[in-house]
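Q: Starting from these lines, generate the structure:
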Amino acid sequence: MPQPADLRKLAPGLAAVAVAVLAGFLLHRVAAGIPVLTAAVVLGLLAGNIPGPAALAAGSWRPGIALAAKRFLRLGIVLLGLKVSLVDIAGLGWISVGLVIALVGFSFAATWFICRLFRLPGEESVLVAAGFSICGVSAVGAVAAARAVPAERTAVPAAMVTLCGTLAIAVLPLLSGMLGLSPDTFGFLTGASVHDVGQVVATAQTAGPAALALAVVVKLVRVLMLAPVSALAGLDHRRRSEGTGTYPPLVPLFVAGFLAAVALRTSGVLPSGVLDVAAGLQEVLFAAALFGLGVSVNLRQLARTGGPAVAASLVSWSLIVSGALILAVLLVPAG
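A: Predicted coordinates for the structure are as follows:
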């Protein structure tokens, strides 16, 4: 339990995080086209790079912001599990579920390969691949924990998945109109290619309730891959680091919490009111975490060296959208 002295150190940063989260929600309320999570990242970038706030972020705000970037993200991942019902997923049919899982594998491998071609440093290739193929910043955080990547080094991958997920909200409806996709086909495409659950909802709802319902279920198949992919990433990290000392757990505790939350949601014992509160709290926690991660991005350095990350992300997302579109056209009946 934190001591009073620890709480005093955390208070300034947590207060800054709270103000930023509130500002993000207000921006979204004023302009619905601005997702809360995107607003949080942008506010974090501003706070970490404008001289006055940047000095505070590197000083008295630092402990609280670091707590938000790491711990709040992990709590949000646990609550994400309450959105995943295995009953709903089974309703897709096992062939569709299997093909969506195959698409996750293809997306991860292709994104990793593209990021390596663009020479992204350190673990960024694995983190971007996880975020793009599974569930955005949640997957970035889970795989980072399994591979012992410090939270501050997840900032650029988190920013890239947020950028492309936000781009999807504008681009995919335009693409659907150009191709004349049915609502169900568009919903499948959205669920199979957009990163964050909130971004999936924002994109799919433009085509109506049928598209939204299918998009969410398809997306949840991808979200369910969070645990096995993070475990495989951890196994690979152990193999590469054999003999170098201690290792993080294969399945971090918060990922085990995510699986427990999935089981709880599937059981059907939680009333809809509790699930709604949990979903709202999850968005607050993710917004706080993304603000904290945004603060740690140095825009000058990103401008000098971040071109490859942006290029790799855009190429990867375009490839994922193409694969998801092919799958959607093949699996969803016309009409």
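Q: For the helix or strand of the chain with the lowest mean pLDDT, name the packing helices and strands.
A: Least confident helix or strand, the chain: helix 299-305 with a mean of 77, by mean pLDDT, DSSP states H and E. The contact analysis (3 or more C-beta pairs under 8 Å, 6 or more residues apart in numbering; DSSP states H and E) places helix 299-305 against helix 36-49. All C-beta spots, glycine's among them, are computed from the backbone N, C-alpha and C.
Q: what's the spacing between the helix it packs on and its chain's center?
A: Centroid separation for helix 36-49 versus its chain: 15 Å, with C-alpha atoms, centre = their mean, to the nearest Å.
Q: Just the CA coordinates for that helix, please, in CSV.
A: The C-alpha trace of helix 36-49 is given here as CSV (Å, rounded to 0.1, in the frame of the first residue of the first chain):
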residue,chain,number,x,y,z
VAL,A,36,-10.9,10.1,-26.8
LEU,A,37,-7.8,7.9,-27.1
THR,A,38,-6.4,10.0,-30.0
ALA,A,39,-7.1,13.2,-28.0
ALA,A,40,-5.2,11.7,-25.0
VAL,A,41,-2.1,10.8,-27.1
VAL,A,42,-2.1,14.3,-28.7
LEU,A,43,-2.4,16.0,-25.3
GLY,A,44,0.4,13.9,-24.1
LEU,A,45,2.6,14.8,-27.0
LEU,A,46,1.9,18.5,-26.3
ALA,A,47,2.6,18.2,-22.6
GLY,A,48,5.9,16.4,-23.2
ASN,A,49,7.2,18.8,-25.8
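Q: Who are the packing partners of it?
A: If contacts are counted by 3+ C-beta pairs under 8 Å, 6+ apart, helix 36-49 sits against helix 4-30, helix 51-58, helix 155-179, helix 197-204, helix 272-295, helix 299-305.
Q: deepest of those, which one?
A: Comparing the helices and strands packed on helix 36-49 by mean neighbour count (mean count of other C-beta atoms under 10 Å), helix 197-204 ranks first with a mean of 25.
Q: quick one: low-confidence ranges for this protein?
A: Residues of the chain meeting the criterion pLDDT under 70: 1-5, 242-248, 250, 334-335.
Q: Reduced to three states, what does residue 32 come out as?
A: coil (DSSP: H, G, I helix; E, B strand; the rest coil).
Q: no wait, residue 190
A: Assignment for residue 190 (three-state DSSP): helix.
Q: residues touching it, list them.
A: 168, 172, 200, 203-204, 211, 215, 218-219 (C-beta atoms under 8 Å, 6 or more residues apart in numbering).
Q: Look up the closest residue to residue 78, ignoring the ones flanking it.
A: residue 257 (3.9 Å; C-beta to C-beta, 6 or more residues apart in numbering).
Q: what's around the one you found, how many residues?
A: Neighbours of residue 257 under the rule other C-beta atoms under 10 Å: 17.
Q: Confirm for me that it is in contact with residue 80.
A: No - the criterion here is C-beta atoms under 8 Å, and residue 257 misses it with residue 80 at 9.9 Å.
Q: Could you measure from residue 298 over to residue 86?
A: 42 Å (C-beta to C-beta, to the nearest Å).
Q: Chain neighbours aside, what residue packs nearest to residue 37?
A: Distance criterion C-beta to C-beta, 6+ apart; nearest residue to residue 37, sequence neighbours excluded, is residue 290 at 5.4 Å.
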